[in-house]
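J.: Next one to model:
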Amino acid sequence: MISSSVDLTKGSLWRIWDLHVHTPASFGGDYNDFIEKAGQCKAAVIGINDYCSIAGYEEIINRGSIPGKTLFPVVEFRMHNLLHTKKNPKGVRINFHVIFDNDPSVFSKIKTWIASVDCFDDKGKNSQLGALDSLLIKQTSFDFDGVIESLKKFDLYDTHSLIWLPYDEYGGIDEINPVSNGFFKLAMIDKAHIIGTSTEKQIEFFKFQDSKFTIDQYNAWFDKPKPCIKGSDAHKNDYPFGCLQDAQSQPIEKYCWINSDPTFEGLKQIINEPDRVYIGEEPPLLKRVKSNKTKFIHSLSIKLTPGHSLDDIWFKDFSIKFNSGLVAIIGNKGGGKSAITDIIGLCGNTHQDPTTFSFLTNLKFRKPKPINLSEKFEACLTWEDGTETKRCLNTNPDKSFPERIKYIPQHFLERLCSNVESDLFEKELKQIIYSHTPGDKRLGKASLDELINYKSSLINNDISQIHNELSAINIKIVELEIKSTENHRKAIENQINLRQGELFAHESSKPIPPAIEEGETDDQKARFDELKAIRDQIQAIEKEIAILESEKRDLSIQKEELNRAIIFYQSIGLQLDKYFSPNDEFLTILLKNNIDVSNILQYKIDTSPIESIIERLNIREIAINSFLNTSEGSLTSKLFILNERLKKEQEELDKPAKEKQKYLDELKEWERRKQEIEGSTDTEGTLNFLNNYISYLKESLSFELEEKYVVRKKLAIQLHDKKTDLLAVRKELFQPVMQYIDNFKELKQRYDVKIDVGLEIRGFSEGFFSFIGQNKIGTYNGKEEGYKKLFDLLEKSQFESSENFIQFTEEILSSLRHDKRTPENKPTSIENQLRQGAELARLYDFLFGAGYLQPIYNLKLGNKTLEQLSPGERGALLLIFYLILDNDDIPLIIDQPEENLDNESVYYILVHFIKKAKETRQIIIVTHNPNLAVVCDADQIIHMHIDKENKNKIQVVSGAIENAEINRSIINILEGTLPAFNNRDSKYLKKNIKVGKIGGSKIVNETFG
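T.: Coordinates of the predicted model:
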């Protein structure tokens, strides 16, 4: 019988069970004293355990039982067989216990069985227990197999009784010699329901968890794992029942906890789920709840908001308490299951987008017309610490406040499965990685992105600097590439031909000297000498002016270069000044550590030497200008005077002399013009310049361009190396979660789950085609054809190494320089393929700048990324991600996690990992799958139903799997009724059913008559 004070609606709860308490029937004493002391003990469930009798149990029941406690009749027997043990070769007798159902309706049958069971009296003669004198009962012994067969004949074995076999305790079988009685020992263990031990090593062994043995070895020994319990074996009234004993038989703070209803059906569940037993001071779940009460939901209540009325009932005065372990919400379609999870998500301030909700949507409970029902109700979520969170059902979560529950609505999972290329999943993955980052490694940053940005900032500064250098070199490369084209060379050759034509024509027009007359007079000769002297002066001044003008041009260039140097060094000074600013990150670090920045960094920017040179150049430029201006005494003025004088002197000559002077003037002009055409290698556009330039194009340009390519390649490699450094930052940060996965052997055995980070192409196609026109002649002509060409190239490209990256850029360039559509790979011009307004240098910046190479986190199954997985694999991986990798300890709510999985995946993935996840957090799931509710061994089953015939009243029934009403709901809803379950079960070939735990073993058939 269960104590009337026990609330079973919260499902299976951890309670102290002491099934080995002797009464005065065993050791004498006062029953009233026993009942009083038992009522004060910590044990919630007590097994009245006497030798070969239930008289003590009956006496206590007749006295009104023990208030607040649940009692079970337990009988302790001693085997008749003498078994050779390791310590006693003569043989000892082994004890065993039979735990009986406390249902009053079977009590008389139990009494009848006890009276009729065969035994051996104190002289070893066959008898029946009821025929023996009660004083001789302690000397009575029994045949172990005979007791079991007798229980079966009375229909008590399994259904109303369980065999409890002590192992490494008094009268236990651990001492049985495996050499002489090994098979007998194994047979006893196999027939027993429960093993008696509190030794951790033995508990692991009987639960099939000892790593020294394989599952095949276990299956060869036992039919399934065995639960292990321990009792106090108390033999006196003043012993604190519930406390286990130490080696000196003294009570210690160690208990046998069982997670179930305090019923016989609840106890039977440990046979299916040995993990429902915990032997120690306190189960981990209870410890977690005590120390984290704000992270466990206690209950949910919903009521009409003040001032509102409604014809329908819906959530009027609705309330439900939640188990702190695993809660499974079941019900038929439209039964209100998702309503509860949506409301919990709202009250727990989930950061999920409300559009992913199933119930609180504008198409359902928030439908505006004819009436918005959500406005009428207010929900209150109560936490284990007693605090409350209230929300009207028409409101949305506030993301400015932290979320207190992790809610995974069905629609959210569907979005993740169908759109893995979005940043939604990466965002979730980053949160998980950050949750595994040790506190001392978070460096005071609030998120993984903040931490990454902090640790990557200096690397990103280097990348920016390399980008600047790359941009500058690309401008030079474009200039050189233009010069290297055939068109450019032909243009220069055409200019040379033009200049040569000009020179040829000019040479044919050389002035002809006049005929020389004989008998030149002394006066004429003196006049000619005078004119020649003037001409020589003019030529000397013109030469001097030319030199000064050349010097002036050089001065101008030199001054510009020096001014640029001043600006450059001043900009360096401004940059360095930032490191002395009070807002500078690194100065703050130094000040925090009492370090004077001047001891770390000192600098001096002094441009005065440059300015002195510029000043000197300015003085020289002023002097040159004074020679070249038109002021009196300047060279320009002297040249003007001499030319005027020459002109005047020439006018006074006779005709023959004038002709000779004219010839000299024309010859001078002709020579000037010839010099202008021929020029020098420094004078742009002249024949010598062009000839020198064409030689450069033919002989030197390719080497210069190749040098620039080498520089660009080095810069690109540096960029890739920096990107690799960014990867290293991320790899360091996700190492803790990877270590967690590697340590999670159960996960690695079934699924090779790993988190990887690599350089992946992001946005390359869009960026590439913003430069390259697809209506241009070339490899990428045609929208669909061009995209396919690029896609194929990207698919085969790798980016793990700088060599891979350089190879990729070279293949892109090759595809732009040659039309890959043609068999002969016809050469094409990149410039001709550019979109209007696009610049070739910027295309190069894009290609070699590697901005499209992003460090991306990937959750993988084996070598498959999410994109490569089937929908079922993807759904499984995502759920493993939330169940195992999420290191957060706030409640996890999942609406129909099995939606995209087949039953085998549900069993092998979800069942195992949900059970693992509930060891660290409260979990609430909505499910239609019996594997999740039953095989996951949910601590609480909540059956939701909307009674549409009764004004849409939301009805709820909750309890443990072993609760008869809940068990009936499980079968009707999840198994399709008991006849349907039995029909399916009868059609399965038993040889195809592997040994293990199955949901059917938890079905309480008695409740269906």
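
J.: From what I see, residue 967 and residue 973 are in contact.
T.: No. Between residue 967 and residue 973 there is no contact under Cβ atoms under 8 Å: 11.2 Å. The C-beta positions use only the backbone N, C-alpha and C, and glycine is treated the same way.

J.: Between those two, which is the more surrounded one?
T.: The neighbour count for residue 967 versus residue 973, taken as other Cβ atoms under 10 Å, is higher for residue 967 (24 against 20).

J.: which of the residues in the host helix or strand of that one are buried?
T.: Assigned by DSSP states H and E, residue 967 belongs to helix 964-969. For helix 964-969, burial by neighbour count (16 or more other Cβ atoms under 10 Å) applies to 966, 967, 968, 969.

J.: Distance-wise, check the second one relative to residue 269.
T.: Using Cβ to Cβ, to the nearest Å, one obtains 11 Å as the distance from residue 967 to residue 269.

J.: Just checking, which helix or strand of this structure averages the lowest pLDDT?
T.: Least confident helix or strand of the chain, by mean pLDDT, DSSP states H and E, is helix 978-987 with a mean of 53.

J.: where does the stretch 501-650 of the chain have low pLDDT?
T.: 516-521 (pLDDT under 70).

J.: what about the residue most central in space within the chain, which helix or strand?
T.: The residue lying closest to the centre of the chain (Cα atoms, centre = their mean) is residue 429, at 2.1 Å. Assigned by DSSP H and E, residue 429 falls within helix 423-436.

J.: Can you spell out which helices and strands pack onto that helix?
T.: helix 410-418, helix 448-483, helix 701-743, strand 853-861 (3 or more Cβ pairs under 8 Å, 6 or more residues apart in numbering; DSSP states H and E).

J.: Quick one: mean pLDDT over the first one.
T.: Mean pLDDT, helix 410-418: 73.

J.: Which neighbouring elements make contact with it?
T.: Right, helix 410-418 is packed against helix 423-436, helix 871-880 by 3+ Cβ pairs under 8 Å, 6+ apart.

J.: tell me the most buried of these?
T.: helix 871-880 (a mean of 22; mean count of other Cβ atoms under 10 Å).

J.: then that helix to PDB, C-alphas only?
T.: Coordinates of the C-alpha atoms in helix 871-880 are reproduced here as PDB (Å, rounded to 0.1, in the frame of the first residue of the first chain):
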ATOM      1  CA  PRO A 871      17.500  14.300 -44.200                       C
ATOM      2  CA  GLY A 872      17.400  11.400 -41.700                       C
ATOM      3  CA  GLU A 873      21.200  11.600 -41.000                       C
ATOM      4  CA  ARG A 874      21.000  15.300 -40.800                       C
ATOM      5  CA  GLY A 875      18.100  15.200 -38.300                       C
ATOM      6  CA  ALA A 876      20.000  12.700 -36.200                       C
ATOM      7  CA  LEU A 877      23.200  14.700 -36.200                       C
ATOM      8  CA  LEU A 878      21.400  17.900 -35.200                       C
ATOM      9  CA  LEU A 879      19.700  16.200 -32.300                       C
ATOM     10  CA  ILE A 880      23.000  14.700 -31.100                       C
END
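
J.: what helices or strands is the next helix or strand after that helix leaning on?
T.: On the C-terminal side of helix 871-880, the closest following helix or strand by DSSP H and E is strand 892-895. Applying 3+ Cβ pairs under 8 Å, 6+ apart, one finds that strand 892-895 contacts helix 337-347, strand 406-408, strand 923-926.

J.: contacts for the shortest one?
T.: Outside strand 406-408, the residues that touch it by Cβ atoms under 8 Å, 6 or more residues apart in numbering are 341, 344-345, 348, 350, 352, 882, 886, 888, 890-895, 897.

J.: got a list of what the residue nearest to residue 411 when sequence neighbours are not counted touches?
T.: Nearest residue to residue 411, sequence neighbours excluded (Cβ to Cβ, 6 or more residues apart in numbering): residue 356, at 4.2 Å. Residue 356 is in contact with 409, 411, 412, 415, counting by Cβ under 8 Å, 6+ apart.

J.: tell me the helices in the stretch 601-750 of the chain, going along the chain?
T.: 608-628, 635-651, 655-678, 687-699, 701-743, 745-750 (DSSP state H, counting those that start in this stretch).

J.: how many neighbours does the closest residue to residue 715 other than its chain neighbours have?
T.: Closest residue to residue 715 apart from its sequence neighbours, by Cβ to Cβ, 6+ apart: residue 470 at 4.8 Å. Close neighbours of residue 470, defined as other Cβ under 10 Å, add up to 22.

J.: Begin at 688, not 1, for the rest of this chat.
T.: Yes, from this point I'll number from 688; that puts the last item at residue 1157.

J.: could you check the distance from residue 1157 over to residue 1449?
T.: For residue 1157 relative to residue 1449 (Cβ to Cβ), the value is 19 Å.

J.: so after the longest helix along the chain, what's the next helix or strand?
T.: Ranked by number of residues, the top helix in the chain under DSSP state H is helix 1209-1265. Sequence-wise, the next helix or strand downstream of helix 1209-1265 (DSSP H and E) is helix 1272-1279.

J.: and that following helix, how far out from the chain's middle?
T.: 33 Å (Cα atoms, centre = their mean, to the nearest Å).

J.: between that helix and helix 1209-1265, how big is the angle?
T.: Using axes from the mean of the first three to the mean of the last three Cα atoms, to 10 degrees, the direction of helix 1272-1279 lies 50 degrees away from that of helix 1209-1265.

J.: What lies in contact with helix 1272-1279?
T.: Contacts for helix 1272-1279 (Cβ under 8 Å, 6+ apart): 1266, 1267, 1268, 1269, 1283, 1284, 1287.
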